[in-house]
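In: The following block contains a protein sequence and its predicted model.
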Amino acid sequence: MQSYTFQPRRVCSKRIDFALDEAGRLHDVEFTGGCPGNLQAIGKLVEGKDAAEIADILRGNDCGGRGTSCADQLAEAIDAALAKRSA
């Protein structure tokens, strides 16, 4: 299992940590900062799910007209991690 850390932009959370297993499933998604209840719920909902599928679902989600959200930033983090793995 490989761990990743991502610095989100234009959102309240300051860091996103997660792991991807060999099959590309998400584990241990944790946001630092932001709305604790909602972000803990996202982590629980995506646990063990296919990372690419989750990124597709969350990508483009907007928070308060910012053009992004913590969920959208998780999608960006997943995309970056998957790109790194395939490089």
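Out: Received the coordinates, thanks.
In: got the contact list for stretch 38-54?
Out: Around stretch 38-54, the neighbours that count as contacts under CB atoms under 8 Å, 6 or more residues apart in numbering are 13, 20, 24-31, 70-71, 74-75, 78, 81-82. Bear in mind the C-beta positions are built from the backbone N, C-alpha and C, glycine included.
In: Just the buried residues out of those residues, in PyMOL syntax.
Out: Listed next is the PyMOL selection for buried residues among the contacts of stretch 38-54, using 16 or more other CB atoms under 10 Å:
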select buried, resi 13+20+25+26+27+29+31+70+71+74+75+78+81+82
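In: Restricted to strands, list the contacts of stretch 38-54.
Out: Under the assignment DSSP state E, the contacts of stretch 38-54 contribute Ser13, Leu20, Leu26, His27, Asp28, Val29, Glu30, Phe31 to strands.
In: right, and the pair among those with maximum separation?
Out: The span of the ones in strands among the contacts of stretch 38-54, defined through CB to CB, is set by Ser13 and Leu20 at 19.1 Å.
In: How about the contacts made by Arg10?
Out: Arg66, Gly67, Thr68.
In: ok, now with 6 Å
Out: Arg66, Thr68 (CB atoms under 6 Å, 6 or more residues apart in numbering).
In: Please shift the residue numbers so they start at 8 in all later answers.
Out: In the new numbering, first residue 8, that becomes Arg17.
In: Could you tell me how far it is located from Gly72?
Out: Arg17 sits 11 Å away from Gly72, going by CB to CB, to the nearest Å.
In: Likewise for Val53?
Out: Distance from Val53 to Gly72, by CB to CB: 25 Å.
In: And those two? Which one has more around it.
Out: Each of Val53 and Gly72 has its neighbours counted (other CB atoms under 10 Å); Val53 has more, 23 against 5.
In: Can you give me the separation between the more buried one and Gly44?
Out: For Val53 relative to Gly44 (CB to CB), the value is 15 Å.
In: how close does Arg22 sit to Gly72?
Out: Counting by CB to CB, the gap from Arg22 to Gly72 is 23 Å.
In: Report the central residue of the chain.
Out: Nearest to the geometric centre of the chain sits Leu81, at 2.3 Å (CA atoms, centre = their mean).
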